[in-house]
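In: I'll drop the sequence and a predicted model, then ask my questions.
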Amino acid sequence: MEDTQFTNKRILVVDDEERMVRFIRLNLEHDGFQVVEAYTSQQALDRLRETLPDLILLDVMLPDLDGFEMLRMVRENHDIPVIMLTAKSEEDDRVRGLELGADDYVTKPFSPRELVSRVKAVLRRTEARGQSSGVINVDDRLKIDFDRREVWVDNQLVKLRPTEYRLLYHLVQNAGWVISHDQILAKVWGYEYQDEPHYVRLYVNYLRQKLEEDPSNPKYILTERGVGYRFVDYKR
């Protein structure tokens, strides 16, 4: 049954294989999505400017620029969620895409159900970005303004990716309490990601690199070994 929550959401599909694009289009349209096609990075950039899609499905292997370079160019000017499509299953390729700002990845070959589920999960997270809880002064060094979606470290504005921001939001909202890996995955990524614990480790590391004075000896985001993570209880 079509999920009306996503009716008419526009998806830009970037892949040089016409058969793959047709396969993706049929399955996305079946669930009510609109699909815009591009077969090269240049076409994709043109379609991006023309249509302003709600999400981009981006293949890693393209004939002009590779998908990683394309992703870098998108992230310079846009906050549109991106899911990487790759035939490579090596962890280094997955991590590289996430480091460059991808919201998720899907490894070929994939089932229609998996693809549509991932697209919907990323869109749900995108729509939940409006969470707000005012200004929080953690200490003299770290200030978080959830209304403005700003984070300040040593009076310097620090830019967070959307996923980093969502992770920080849930950690801070539960300051002083341990949140398990499974709980973090469900809150930040969605229940579809219960078998992807490496997302949590990777993004906690990203946050520490941006927020902590000494990321190897963190004082804000603390590890509870074998359980999960805890944000320092700044209210005490």
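Out: Thanks, I have the structure now.

In: drop to CA atoms for contacts and neighbour counts, all remaining ones
Out: Will do.

In: For the helix or strand of the chain with the lowest mean pLDDT, name the packing helices and strands.
Out: When the helices and strands of the chain are scored by mean pLDDT, DSSP states H and E, helix 91-99 comes last with a mean of 76. Under the contact criterion of 3 or more CA pairs under 8 Å, 6 or more residues apart in numbering; DSSP states H and E, helix 91-99 touches strand 104-107.

In: ok, and what's touching the next helix or strand along the chain from the strand it packs on?
Out: Downstream of strand 104-107, the first helix or strand assigned by DSSP states H and E is helix 112-127. Helix 112-127 is contacted by residues 6, 24, 27-28, 31, 54-55, 81, 83, 103-104, 106, 162, 188-190, 192 when judged by CA atoms under 8 Å, 6 or more residues apart in numbering.

In: could you redo the last one with a cut-off of 7 Å?
Out: 27-28, 189-190 (CA atoms under 7 Å, 6 or more residues apart in numbering).

In: By neighbours, which of the residues you listed wins?
Out: residue 189 (24 neighbours; other CA atoms under 10 Å).

In: Torsion angles phi and psi at the residue most central in space within the chain?
Out: The centroid of the chain falls nearest to residue 103 when counting by CA atoms, centre = their mean (2.6 Å). Backbone torsions for residue 103, taken as degrees, to the nearest 10, come to phi -90, psi -20.

In: Could you double-check that it lies in contact with residue 84?
Out: No: at 8.1 Å, residue 103 does not count as touching residue 84 under the criterion of CA atoms under 7 Å.

In: which SS class is the closest residue to residue 42 other than its chain neighbours?
Out: Nearest non-adjacent residue to residue 42, counting by CA to CA, 6 or more residues apart in numbering: residue 64, 7.8 Å away. Three-state assignment for residue 64 (DSSP: H, G, I helix; E, B strand; the rest coil): coil.

In: Give me the residues contacting the least confident helix or strand of the chain.
Out: 68, 104-105.

In: Tabulate the residues you listed (TSV), appending distance to residue 233 and neighbour count.
Out: Below are these laid out as TSV (distance: CA to CA, whole Å; neighbours: other CA atoms under 10 Å):
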residue	distance to residue 233	neighbour count
68	38	22
104	31	21
105	34	22
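
In: Just give me the closest of those residues to residue 146.
Out: For those, the closest approach to residue 146 (CA to CA) belongs to residue 104, at 23.9 Å.

In: who's in contact with the closest one?
Out: 82-84, 98.
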